[in-house]
Every structure is written in C-alpha cells, then in structure tokens.
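1. Curious how this folds, go ahead:
(3 chains)
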Amino acid sequence: MTPAAAPERTSSGARGLVPVPGPRERAGDRLFRLIVTGFALLTLATVAALAWQLTRGSLGTWRAFGASFLWGRTWDPVNDVFGALPFLYGTLVTSLIALLIAVPLGVGTAVFLTELAPRRLASAVGFAVELLAAVPSVILGLMGMYLLVPAVRFVEPSLERWLGFLPFFRGAAYGLGLLTAGLILSLMILPYVTAITRDVLATVPRSLKEALYALGATRWEVVRGVSLPYARPGILGAVFLALGRALGETMAVTMVIGNTPRISASLFSPGYSMAAVIANELAEAVSDAHLSALIAIGLTLLGVTIVVNGLARLLIYRLERPR
Amino acid sequence: MKRILTILAAAVLSAAPAAAQVRVLNGAGSTFGFPIYSKWFSEYHKAKPGLQINYASIGSGGGIRQFTEKTVDFGATDGPMTDEQIQKAGGDVLHLPTVLGGVVPIFNVPGVKDLRFDGAALAGIYLGKIAKWNDPLLVKLNPKAKLPDMPIMVVHRADGSGTTYCFVDYLSKVSPEWKKSVGLGTSVNWPVGMGGKGSEGVTGLVKQNPGAIGYVELIYALQNGLSYASVRNRAGLFVKGTLAGVTAAAAGAARTMPKDFRVSITNAPGRGSYPISTFTWLLVRRHGQDGKGVEIRDFLRWMLKHGEGEAAALGYAPLPGAVKARVAKVVETIQG
Amino acid sequence: MSGHPARRKRTNALMLGLTALCALLSASALFAILGYIAWKGASAVSWAFLTRLPVPVGETGGGIANSVLGSLEVVGLAALIGVPVGVLGGVYLAEYGRGRLAFWVRYAADVLNGVPSIVVGLFAYALIVLPMKRFSALSGSVALSVIMVPVVLRSTEDFLRLVPGTIREAALALGVPRWKVTLRVVLPSASRGILTGALLAVSRVAGETAPLIFTAFGNTFWGRGLLEPVATLPLTIYNYAISPYDDWHRQAWAAALVLMLFVLAVNLAARLWLRPRAAN
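-> So this is what the prediction gives:
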C-alpha cells in the first residue's frame, strides 16, 4: 500500500434519494453485488493469469532442472546451465539489510512524530518522509551510483578495521555490492514503515498512557512500556509489507548491487538479486532455455512474494480479530 | 470523480494527432546502433516527410526476438542470427551491414596512460589468471609503463549485449582456454569481476575505481576521456581501436565476406586491422508486406548514398567501398 | 520504572533525542534527492526543451515534448482502466468483503503490489503485444493499470470503511436500495479519499520504466494513436542515460527533473486536496 495521508472521517448529506419499492430493490442489489464482486475477482484473476503465464513460460527450466533449479549455484547462459541460489541469496540479504536499517529508523521517526513533535512539525516531517515513496526507482538508482557508491567505498575500510572480525565486513572496498543495495532499499521502504507505525501508534488508547504518566513515568518509559508493546503486532505487519516491497525492487538495486551471481558472506562483495537479473538479461536472452530460466526466476520471486505477503496477512488478520 | 475522468479522457484523445497520412515503420534492437539510426531516421523523415521510421533500442537479442515474432518491421543486431534462429524467423532473412565499431579495453591505473595487451593477457585477466597489474606477462608487454602492485578489478557488462558478444568472440578466437571454459554469447558466465549495467555502467565503474579494467565501444572511451589500450593484432602489431583500425579490419574481411554478410571480423588479418571490431546489421525480410519492403529498400538506398557519410562524426566506421557495393546489390532484391 | 530519577531523566532525554535524530535523517533524505536532481537538471530545462521533438545526437535544441504527451496518454489511459476496476473492487471489499473470497482478494492485491514491475511488463507483452503483433500505447497502459489496481483497491476500501455506519443506516431506513445507497451516498462521501488514492497510484506508475520497454516501446516522433508505439518520459530518460553522449546525459537529467516535478505535483495535489476537510 502506498502510505496515504491519514484518512479523516467524512460526512455527507443524503442527496437526491428516491425510495424504491421492495421486490425490484432485491434484483438491483443482487446485480450490483455481482458487478462489484466481478471487479474484485478481476484482481484475483490477474494474479492467477500472471502465475499461469510464468509457469507456462518456465516449463522448460523446471523440466530440465526440476526443483534443484532453486539451489543450483551456476548461472551459465552459454552452456544453458541455470541455478537460482545466488539470486535468492542476494535478494534475501539485501532485503534484510534494508529492514535492519529502515525498521529502527522508521519506528524512531514514527515515535518522534506521534509522541514528541508539535503538530505542525509532525505533519511537515511526516509529509516529507511519505513523499520519499514517490521518488521513481530509476532516479534513486542514479543517486545511488553517483552519491552512495563513492560514500560506501570511502567508509568500507574503516568498517573492516572495526568490525572485520565478523565475516560480513571483509574484502576489497568496491562501493558496489550487497551493502549499498541494502542501503538504497532501506531508503525505499522507510516511508512504508514510518507511515504504518505512525498509524498504529495513533491507535494506542490514551487511558493506558495516562495511567502510566500518573505513576510518574517519563515519556520514554511510556513509549517503551505502553505504546510500543501495544503497537508491536501492527509494526510487525508493517515489516512484512515493507519486506514484500523490498523483494521485488528492480531498477535502483541493479544499478548498485554489482550484478555478479556469486554467494559470499561479506556484504562488501558484489551480488545479484532476482529482479535485477530479470531486468538485465531479459532483453538479450536469445536462447529459449535462457529466457525460460529468467521466467522461472520471475515465478520464484512471485512465490516468495506470495509467502511473505501471506505472513503479513496472517499477522494483521490475527491482530484485527481480538480487537 | 467524473470530472477527473473527463479530463483524463480529453488528454488521451488530444494525444493522438490529427494527421494520420504518415506511414510508420517500426524497428528494434541494438543499443550500439541507436545513435546513428536515430540520426538517419530523423534525416530521412526530413527528406521524405510521408514516412516515419521509429526505432527502439531494446538490445540486439530483443531485436532478433521481436523480428522473429513479427512485432516489428525490421530488427537490428550486433551479433548475426544463427542458422537455427533464421529458421525460426521463417528463413526469409537478410543481414545488411550498416556501420562498424570497435570495442576497446579501458583502464584506470594510477600513473599509467598507455597500455598494450595481447590476446593472452586479456584472456588471462578476464579468466582471473592475471590478478595484479604488475604481473610478469603485463610487464613484458609494457616495459615502459610503471605498473603498480595493485589488484585488477575486472568489470564486464551485466546485461546481455552485442559489445560482450564481440569481446568474447575475440577472446574465444585467441584463447583456447576461454573457448573451452567460458565460450561465446551475449551474456556469459564470467569467471571473475563485477557487472555494470550498460556501457554507461561499465564506464562509470572503471572511471570511479583505481585498478579497474573494462571493455566498451570506442565512443564511450572518447566521450568520457578514459585511456584505452592498444591490442596486438593477427599480424603481430599493436593497434588502437580507432576508426582507421576498425575500417582496416573490415577491409581485410571484405575479401572473404560470405554472401549473406554474416561475418565475424574479430582478429582479422591485415597490418592495420584492429582485432576487436564488428559490423552491426539491420535484419530485413526479403519479401515484405503491405509495401513495407519497398519502403525499407528505399531507405537503405538512401542510407548507402547519404547516410554513410555521417558515421564518422558519431564514432562509427563507415562500410568499406567493396562491402558497400555488394550491400547495394542485395538491397535491390528486396520486394513487397 | 526503577532506577535513580536523574538516570531515568537522562535515559528519557537520550532516547527521545535519538527519535528526533531518526526523524531528521528520514526527512533530510527527500531534500537531498530533490536538491541533487534540481542541481543536475535545472540548467537544461527550458520552454523549448518541453515543447520540441527530440533531435539526433550532435544537433542542438532537441526536446521531450512527445515523451511528455506520451506519458500523459499512457498514464491517463492506465488510470481510465485501473481506477474503475480498483474502485469497484474496493467497494466489494468494504461493503460485502467479509468471507473467504474477500480474504483472497486482499491477499491477491498485496501480492500484485509486490510483483516486480518488469514481470508485469512481460505479462502485458504476452497478453497484448504478441496477439496483436504490435507494440502499442495501449499495451503500456494495460501494464501500468495492473500496477495501479491494488493501490486504488486498498485505499478505496480503507476510505469507504471510514464512512460512518449511521449514514448508510439512515438511507437504508428510508427504503433506498442498497446499491443506490452505496453509489449515491457512501461513494460520494468517500470521494476525496478515493481520489487521493487514485492520484497516488498515478504518481507511482508515472515513474515506471521497466513495464514500458516491451509494451509502449518508445518513439522518436509524435505518437499516432493508441495502437502505435509511443514515447514516455521514464523510457526516454533511460535511453538517454545509457547513451555515450554528454548532451543526451544532460537531457536525461533535465527530463528526470521534469518527471520528478510532475510526480511531486500530483502527490502534493492529492494530499492538499484531502487536507481542507481535516481542518473542519
């Protein structure tokens, strides 16, 4: 979901209503329900058609490699040997980095906006963060190439000096790689985390907070003791929705990830993501096997998205019922 | 709501200009050829206002695929179609060379302006066998250069591309090991290095990273002020990938040119030949439909007569005279 | 709530300070991006740039008029397809959406929202371009509308749910059929919210490049109707950005600035539209 400005209650007078007698009313209602249900089904049908297209297009790959396509490590378009593991790995790692950065930052921002900031400041800052979601991905990628990559290359040696005992922070400082891609992604999902967390925090009942204030708690203690625990399920839902977005992000990632189908523990090293390999190779995939493998990657990505969004749904579903 | 829809509808309708008398040809393919093609099609439209030729640079592989699917009227590619692909496209396919280009090794080595490579050195670097700039093999080729003790950062194209095809075509010819372990294609399984998106991406990576080497078409090196190396050709001489070197390679190949123009001119014979050169082709059906074949034929006549002169200004080498004469003959066979 | 009061106060100040820092960082990202694009693009934007057709490399004075108009055409048509589908689907979810089917529709919308846009482009290519044997503005619009639908759908549902139940009940009590209540009472009271959702969806797809490569295709001339290829801003930016020529790079940045301003304007319009009501 695009983080919309917080919806407000609307009211409207009933205009131009003419009462209609009984029996015809039922037929009209049924027709109307059928029509809107039809349109709702269109969404479902689109996903089904998408899945069918991707399945049909990737049959060749599944026939040739079976499920081992998913854990194959080689990607060799010349000899038509394909495996998706490096791309799965790159997609997951960059998305995790993005979450590690964007969730604390977004939750912190949301806490500031709901609990601390004066109303005007809160709406201005909230607005600026939400607009971030409107920046086209291509433009973020350009920014990444010209600003972020040199900055990361500059920082990596010191990171290695301080954290080099971990396998994640070792190796040559190229500036391009999993870390940079994760950083760009974090920027892209930040508005989602912030907006949803803000909405959830706004629903924390006043009475709960005031009870704690009455006991002499500081503001931070109220946030920690009441607001955040109360909002936790909602924040978790936000995390999964953000993850769903991060997994499929294409253009910005491909411009900074280094585009190398290799698995290495270091975040400094170049990697590849599922969406990026599709974007890079689809136009030039001349052989049918290559094209089929790329479509199989697309199907895998669709599968991952379905699972992640399913988890998000489950969390939010659970949270909606007890209330 | 309704008002907005009305406005949107009006915008959509007004976007379709009234003059519908213009005929349109659509083509797609090579990004390498895009600048000169867009120039030609614009000039041709001025000369013949009744016809618009629209070209989308979606990549050579895309060009072949769309041409095969008949979603476009002509294709453009930097690597010729295989026999199997021609079969799939219906067999009735002409490869017509338009211009030539060279792929040059660009590098960013502090304190070094000029470098010389041979096939073994380039293959070694891209296989990961040569990992440092002061490798004995490189030092032997470049006795005058002060090569530093620095790791080589190998950069290649991430997207499939005709540039890659030309470069690895050369490596396959000069290095049996490359041919065996990597092979030939528009995208390959690179043993080392990292991928940049497009020639722009590769140029950017090499420019930004001391110790990097990459390969791009000559024009990218010139426009970005990057140093590019000379490469030893089949005659044993070190030649730079300038227009003269590329044209020489084409001239050398003209004598052995097959009838259908599908020829690789990497590692071409001749003293002045630059070894990493290639033709770029338009893909046309000999028997067109709805008079489109004739339109394409007329354009090709114009291209051979007026268009070739524009090539050098944009960094392409024009067709050698002998090749041009033969292409002209084939162009006349297009019908329909 | 244990510990020394002074220490608790310090923790309080520190943590709240940190949240303020988070907010500062988050908000400054937008300004960094806007500033950078403006700095790179402003010098090349002029009236001529906006109103002329592109010229080949080496000639000066080219513009992006066909891309601007093409983007309006493709995005406008996408909205004509995507907004009604999304709104009516949203009506279903808000008014009837309780059962298992509604769960799956919401799920499908979330999944569709997460599908990479290039895969959507591939879908439209197989669905429209291949059967029609031609690239077209229409196929690009269909691709973009697939991306718009889930956004419009979910925001419509959200805003319809905010319409107070008392309004519905009052109308129903008057004996008005339910479909009429929905169309004439509930939808109009949520119209601002729905419009906001639609505009946000427009601003999202206006910047999409990947779905258009194999559909709208691009055009160096004016587009000739819905069944022919057409130029669009994001695709033009992409083509110019990957070219070797400095002048085209300059134009790419300028076009990026134009696109960014358009997206921002639509976004601002959507949000400001919503705002006056909140003040009431």
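2. From here on, just use CA atoms for contacts and neighbour counts.
-> OK.
3. report the longest helix in chain C, please.
-> helix C:5-41 (DSSP state H).
4. Leaving out the residues flanking it, which one is nearest to residue 220?
-> You didn't say which chain, so I picked chain A. Ranked by CA to CA, 6 or more residues apart in numbering or on different chains and with sequence neighbours excluded, the top spatial neighbour of A:Trp220 is C:Asn12, at 5.1 Å.
5. Oops, wrong one, chain B.
-> C:Pro244 (5.1 Å).
6. and B:Pro97, bridged to which residues?
-> B:Trp281 (DSSP bridges).
7. any chance you could map the strands in chain B?
-> In chain B, the strands defined using DSSP state E lie at B:23-29, B:51-56, B:74-77, B:93-108, B:116-117, B:153-157, B:194-196, B:212-217, B:227-228, B:230-232, B:238-239, B:277-285, B:317-318.
8. nope, chain A is what I was after
-> So, for chain A - with DSSP E - the strands run A:75-76, A:81-82.
9. hmm, back to that, was I right about the residue nearest to B:Tyr220 contacting B:Glu200?
-> Yes - look at C:Pro244 against B:Glu200 with CA atoms under 8 Å: they come within range, at 6.9 Å.
10. Compare the two (neighbour count), which wins?
-> Per other CA atoms under 10 Å in any protein chain shown, whichever of C:Pro244 and B:Glu200 has more neighbours is C:Pro244, with 23 against 18.
11. one step back: just send the strands of chain B back as a markdown table, with mean neighbour count, distance to C:Arg271 and mean pLDDT too.
-> Shown next, in a markdown table, are the strands of chain B (neighbours: other CA atoms under 10 Å in any protein chain shown; distance: least, CA to CA, whole Å; pLDDT from 0 to 100):
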| stretch | mean neighbour count | distance to C:Arg271 | mean pLDDT |
| --- | --- | --- | --- |
| strand B:23-29 | 21 | 41 | 92 |
| strand B:51-56 | 23 | 37 | 93 |
| strand B:74-77 | 30 | 46 | 95 |
| strand B:93-108 | 25 | 49 | 95 |
| strand B:116-117 | 21 | 60 | 96 |
| strand B:153-157 | 27 | 42 | 93 |
| strand B:194-196 | 28 | 38 | 88 |
| strand B:212-217 | 24 | 46 | 94 |
| strand B:227-228 | 22 | 51 | 94 |
| strand B:230-232 | 23 | 58 | 96 |
| strand B:238-239 | 20 | 62 | 96 |
| strand B:277-285 | 26 | 50 | 95 |
| strand B:317-318 | 26 | 54 | 92 |
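12. Adding distance to B:Val327 as columns, could you present those in JSON lines?
-> Formatted as JSON lines, the strands of chain B follow (distance: least, CA to CA, whole Å):
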{"stretch": "strand B:23-29", "distance to B:Val327": "19"}
{"stretch": "strand B:51-56", "distance to B:Val327": "20"}
{"stretch": "strand B:74-77", "distance to B:Val327": "16"}
{"stretch": "strand B:93-108", "distance to B:Val327": "7"}
{"stretch": "strand B:116-117", "distance to B:Val327": "34"}
{"stretch": "strand B:153-157", "distance to B:Val327": "31"}
{"stretch": "strand B:194-196", "distance to B:Val327": "35"}
{"stretch": "strand B:212-217", "distance to B:Val327": "24"}
{"stretch": "strand B:227-228", "distance to B:Val327": "32"}
{"stretch": "strand B:230-232", "distance to B:Val327": "30"}
{"stretch": "strand B:238-239", "distance to B:Val327": "28"}
{"stretch": "strand B:277-285", "distance to B:Val327": "11"}
{"stretch": "strand B:317-318", "distance to B:Val327": "13"}
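13. Can you check which of those gets nearest to C:Ala270?
-> Among those, strand B:51-56 comes nearest to C:Ala270, with 34.1 Å by CA to CA.
14. circling back to that earlier point, so which of the strands of chain A gets nearest chain C?
-> Closest to chain C of the strands of chain A, according to CA to the nearest CA: strand A:81-82, at 19.0 Å.
15. which residue ends up closest to the midpoint of the chain in space?
-> I went with chain A, as the question did not name one. A:Arg245 (2.4 Å; CA atoms, centre = their mean).
16. I was thinking of chain C, sorry if that wasn't clear
-> With distances taken as CA atoms, centre = their mean, C:Arg204 lies nearest the centre of chain C, 2.1 Å away.
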